Every structure is written in C-alpha cells, then in structure tokens.
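**Student:** Attaching a predicted model along with its sequence, questions to come.
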Amino acid sequence: MFLVVPTPQAVADLVSTLVYQHIKAKPAAVLGLATGGTMEPIYAALVAKLQQQPLPLEKLTTFNLDEYVGLSAAHPQSYHYFMQQHLFAPLGLAPSQVHLPDGNCRNSAEECQAYSEQIAAAGGLDLQLLGIGSNGHIGFNEPGTPFDCNTHEIELTAQTRQDNLRFFADAAEVPTHAITMGICEIMAAREVILVATGQRKADIIAQLYTSGVDEQLPASVLKQHRNLKVIIDEDAAALLPTHLQQAG
Ligand code: F6R
C-alpha cells in the first residue's frame, strides 16, 4: 500500500502519470481533486504532460474536496482560486466541468446537500487524490469526524489553522470553517491516491502505518478501501519501519 519514491518531484512525476493514464483510459472520468502545497508540483507535472501529449479533456468532470467558508472564488487563498491557477486555467477546463463547494453560500446545509447530489449524479468519483493533514485529516474531515458523513461544514482545528497560516498574511485571516466532502464520498471513490511529501508529514505517516481504523485519525479509514495507493517521498517515510523508508 505504501509506495516510497525519492523526492517530491518523483512523487509528482508518478502521481501525474497515474492521473494522465486514468484520463487516457477514460476521457469521461470523474476526478476528485485536492489543493494544498503537496498538490502544486503534481498539477504542474500533469499540466506539462498534457501540454506535451494532449488528451481530449472536454468530457472530464472534477469535484474538489473542500473550500473555506467565507472566501469568495476570487479570494487568492480560496481553493477555487488555487485550482483555477494551478489546473483549470492551464488545461482550459470549462466552468461547467469543474466543481467546488461554494464557501460563500447563504445556506451551508443546502450547499452541502446539493454538492453531494452533484457527485452522485455524476456517478461518483473514479479517482480521488488526497493530501493528508499533520493531524491525519483528509479533505477537511478533522479528527473525530464520523466516518458516515457526506459533504458537510466543519470547524477547522487549531492545528489545521496553524498549518495553513503559511498561506495567509496573519492568523486572524485564516478561516475557521470549511465545507468538505465527507468520508462516505471519499470512500466511495473507485480508486484513491493519498500523497504526502516532506519531513512535516513523517510523524502522521508513521501513525497512519501503525494505526487501526480510528475516527481520531481520519486517513486510517482508507485502510478499508479496496483500491488505495499511498505515495510518499523519503522524507515523509523517515519514521516508517526501516525496510520501508527508502525508495524501492
Ligand atoms: C486540501 C485538503 C487537505 C490537504 C492537507 C495537506 O484540499 O483537502 O486535506 O490535502 O491539509 O495540505 P498540504 O498539502 O498543504 O500539506
């Protein structure tokens, strides 16, 4: 389940190749996408591959995991903005093909319900890309989130707000809440790739390796998924048992 490669660039090359092959095999694929620092080199590598060897993308559909509550799509730290910048604009994807929860919606319960229904109407997710929070969150399903949740609004933990402070001018600007796909929708994806790079993730990757399935470590639910790859670099693998620490 754990695939260790030498560097973040090697992770980006491998994951972007897997996504590329997925789209090549199924041009009408439904992709579940993540944001965050881990994804930036992956999207850059995917864009480069698609520029070198174009594939038809008109039938592709994407659903992002999450969005901050209170940030408009035009806010430079919103996940709408991130995706537009790193993937959607470079690939020329139409607004009708891409989906993120609306962080500026008036009625969050209605927005969450509508987002779940859109995912279901698209036939569910073929391939879900995930990062992992230093506290084990996937999407913004923070520790303690019930595993039987669909898309919902969640209060971000102090740890997550601290981790994401690096993207904002100061602590007061970091949103307190987000809308996130739930564990149910993530687990229903037909294939899942969880990615982690850097020393910052070594501790949670070691915890994930040893943990049983436990709502206090949301990513541990993936141990019950039938088609999961965990792709990490050597820095993120540093606290795994010795035989797993180096690229094979
Ligand atoms: C982002 C998301 C989060 C991130 C996680 C890791 O859409 O769902 O779970 O994947 O917080 O973020 P980075 O990659 O910035 O360390």
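**Tutor:** Here it is on my side, so go on. Since we're looking at a predicted model, the values are computed, not measured.
**Student:** what residues are up against the residue of the chain found nearest the ligand?
**Tutor:** Of all residues in the chain, G131 sits closest to the ligand, at 2.3 Å by C-beta to the nearest ligand atom. The way it works is simple: take the backbone N, C-alpha and C, and place the C-beta from them, glycine included. Taking C-beta atoms under 8 Å, 6 or more residues apart in numbering, we find G131 in contact with A34, T35, G36, T38, M39, I138, L194, V195, A196.
**Student:** what separates the nearest residue in space to L100 that is not next to it in sequence from F167, distance-wise?
**Tutor:** What sits nearest to L100 in space, not counting adjacent residues and going by C-beta to C-beta, 6 or more residues apart in numbering, is N64, at 4.2 Å. According to C-beta to C-beta, to the nearest Å, N64 and F167 sit 16 Å apart.
**Student:** Show the model's pLDDT score for the closest residue to L127 other than its chain neighbours.
**Tutor:** Excluding the flanking residues, the one nearest L127 by C-beta to C-beta, 6+ apart is E191, at 4.7 Å. Note for E191: predicted pLDDT of 98.
**Student:** so E191 touches G124, yeah?
**Tutor:** No - using C-beta atoms under 8 Å, E191 is not in contact with G124, being 11.2 Å away.
**Student:** could you say what helices and strands the top helix by length along the chain packs with?
**Tutor:** Across the chain, the helix with the greatest residue count (assigned by DSSP state H) is helix 8-25. On a contact count with 3 or more C-beta pairs under 8 Å, 6 or more residues apart in numbering; DSSP states H and E, helix 8-25 meets strand 2-5, strand 30-33, helix 39-52, strand 127-130, strand 191-196, strand 228-233.
**Student:** returning to what we had before: more neighbours: which of N64 and F167?
**Tutor:** Legend: neighbour count by other C-beta atoms under 10 Å for N64 and F167, higher for N64 (24 against 14).
**Student:** Quick check: the more buried one touching L33?
**Tutor:** Yes - N64 is within contact range of L33, at 5.0 Å (criterion: C-beta under 8 Å).
**Student:** G182: what's it in contact with?
**Tutor:** S116, G139, N141, T145, D148, C149, N150, T151, H152.
**Student:** nearest residue to A94 other than its sequence neighbours?
**Tutor:** Leaving aside its chain neighbours, A94 sits nearest to E58 (8.0 Å; criterion: C-beta to C-beta, 6+ apart).
**Student:** picking that back up, got the CA coordinates for the longest helix of the chain in CSV?
**Tutor:** Only the C-alpha atoms of helix 8-25 are listed here, as CSV (Å, rounded to 0.1, in the frame of the first residue of the first chain):
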residue,chain,number,x,y,z
PRO,A,8,8.7,15.4,-4.1
GLN,A,9,9.4,15.7,-7.8
ALA,A,10,9.4,11.9,-8.2
VAL,A,11,6.1,11.8,-6.4
ALA,A,12,4.8,14.5,-8.8
ASP,A,13,6.0,12.5,-11.8
LEU,A,14,4.4,9.3,-10.6
VAL,A,15,1.1,10.7,-9.5
SER,A,16,0.7,12.9,-12.6
THR,A,17,1.4,9.8,-14.8
LEU,A,18,-1.2,7.8,-13.0
VAL,A,19,-3.8,10.6,-13.4
TYR,A,20,-2.8,11.1,-17.1
GLN,A,21,-3.2,7.3,-17.7
HIS,A,22,-6.6,7.4,-16.0
ILE,A,23,-7.8,10.2,-18.2
LYS,A,24,-6.4,8.5,-21.3
ALA,A,25,-8.2,5.3,-20.5
